[in-house]
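> Give me a 3D structure for the following:
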Amino acid sequence: MIIPNTFEIYLSNTNHLACANCCFLWKPEVRVSLDHTQVLDAINALDLTRVEMVSFVGKDPFLLGAQLVELVRHARNRGFSIKIVTNAYFAINLAAAQSHLAPLAEAGISELSMDWDDSCEKFTPLDRIKNLFTVARNYPNIITSIAM
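Got it, this is the predicted structure:
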């Protein structure tokens, strides 16, 4: 029997970018997000003896702002480690990267994965990935990865 230890939550199908490689469901004109209360209920229903990590994904979780911080804090308070997958659209400079990451670091994220490839470069220059990666390295409790 396979029992996964990570629970991924696709918070939204809304994608502010229009990269060529993204699934047809992830486009700027799509405005579908999970209900905040339902996400909290799902986190509350997770079995702590089987699930170790909650991963927030979905084109891009940082679009949720303070709601994402609340979700991270809630899942962390339940005892889960937390991963967020982002395309770093917001990291136009180091200060912007810091202002977006700091509240989530304080809320307890464990891992930050930056998703980027050459089809994204038109919308999110590689420098934004570099900015977020540079800032994230200031937080020794956050594991960083870049998926290319």
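> quick one, phi/psi of the most centrally placed residue in the chain?
Nearest residue to the geometric centre of the chain (C-alpha atoms, centre = their mean): residue 84, 2.8 Å. With angles defined as degrees, to the nearest 10, residue 84 sits at phi -130, psi 130.
> is it in a bridge, and if so with what?
residue 56, residue 112 (DSSP bridges).
> Could you list which residues are in contact with it?
For residue 84, the contact set (C-beta atoms under 8 Å, 6 or more residues apart in numbering) comprises 55, 56, 57, 61, 62, 68, 72, 104, 109, 111, 112, 113. In short, each C-beta sits where N, CA and C put it, glycine included.
> From these, pick the one nearest residue 79.
residue 72 (13.1 Å; C-beta to C-beta).
> What is the helix or strand where that closest one lies packed up against?
Following DSSP states H and E, one finds residue 72 within helix 66-77. In terms of contacts (3 or more C-beta pairs under 8 Å, 6 or more residues apart in numbering; DSSP states H and E), helix 66-77 is packed against helix 36-45, strand 53-57, strand 81-86, helix 94-107.
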